[in-house]
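Asks: 3D, please:
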Amino acid sequence: MKLTLHHLNLCTNNVKQMDEFYADVLDMKPEPSMGERRVKNEGYGGDVAFITDGNLQIHIAQQDLNVNFNTGQAINPVERGHIAYRTDDIEAFKKRLDDKGVKYSDFGGWAMSGWHQVFFYDPDGNIIEVHQAPE
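Replies: Okay, here's the model as predicted:
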């Protein structure tokens with residue numbers, strides 16, 4: 001099972017302003033392949049900008065304090081943001097979490113078409129996403 005850092009999710013109440021800031025100050029560019037995968041009818045329809053430096057992505061998401069209530073999940077990944085890793089075997093990763101006693105929310109294909117996402121907390125309460133995406 002392979003894990004690679006994929007994106008950092010930042011939450012805001014002004015996606016356009018944050019997107020413009022990262023483009024202007026850090027020369028980030030749009031990541032067009034992500035927007036076409038968005039799923040907006042599974043408990044979160046907020047605005048999201050997908051940007052990249054060519055290697056790492058930043059997802060700038062409209063903060064929504066009700067996602068966990070809307071989805072029935074314990075964790076809200078757009079309450080304050082998260083760090084995300086990509087795996088080539090989500091089932092093996094879930095087994096690792098189970099074996100280590102780490103509780104997680106299994107969102108399945110919730111926000112991105114074809115992705116299987118799980119979210120969990122580190123010991124200080126930071127949210128971590130691990131997802132598997134189609135090749």
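Asks: packing partners of the top helix by length along the chain?
Replies: Of all segments of type helix in the chain, defined using DSSP state H, the longest is helix 15-26. Secondary-structure packing of helix 15-26 (3 or more C-beta pairs under 8 Å, 6 or more residues apart in numbering; DSSP states H and E): strand 48-52, strand 57-62. C-beta: built from backbone N, CA, C; applies to glycine.
Asks: any idea how far the longest one is from the chain center?
Replies: Going back to what we said before, that points to strand 57-62. Averaged C-alpha coordinates place strand 57-62 at 8 Å from its chain's average position (C-alpha atoms, centre = their mean, to the nearest Å).
Asks: could you export it as PDB, CA atoms only?
Replies: The C-alpha coordinates for strand 57-62 follow below in PDB (Å, rounded to 0.1, in the frame of the first residue of the first chain):
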ATOM      1  CA  GLN A  57      -2.800  20.800  -4.800                       C
ATOM      2  CA  ILE A  58      -4.600  23.200  -2.500                       C
ATOM      3  CA  HIS A  59      -8.400  22.800  -2.300                       C
ATOM      4  CA  ILE A  60     -10.000  26.100  -1.000                       C
ATOM      5  CA  ALA A  61     -13.400  25.100   0.300                       C
ATOM      6  CA  GLN A  62     -16.300  27.200   1.500                       C
END
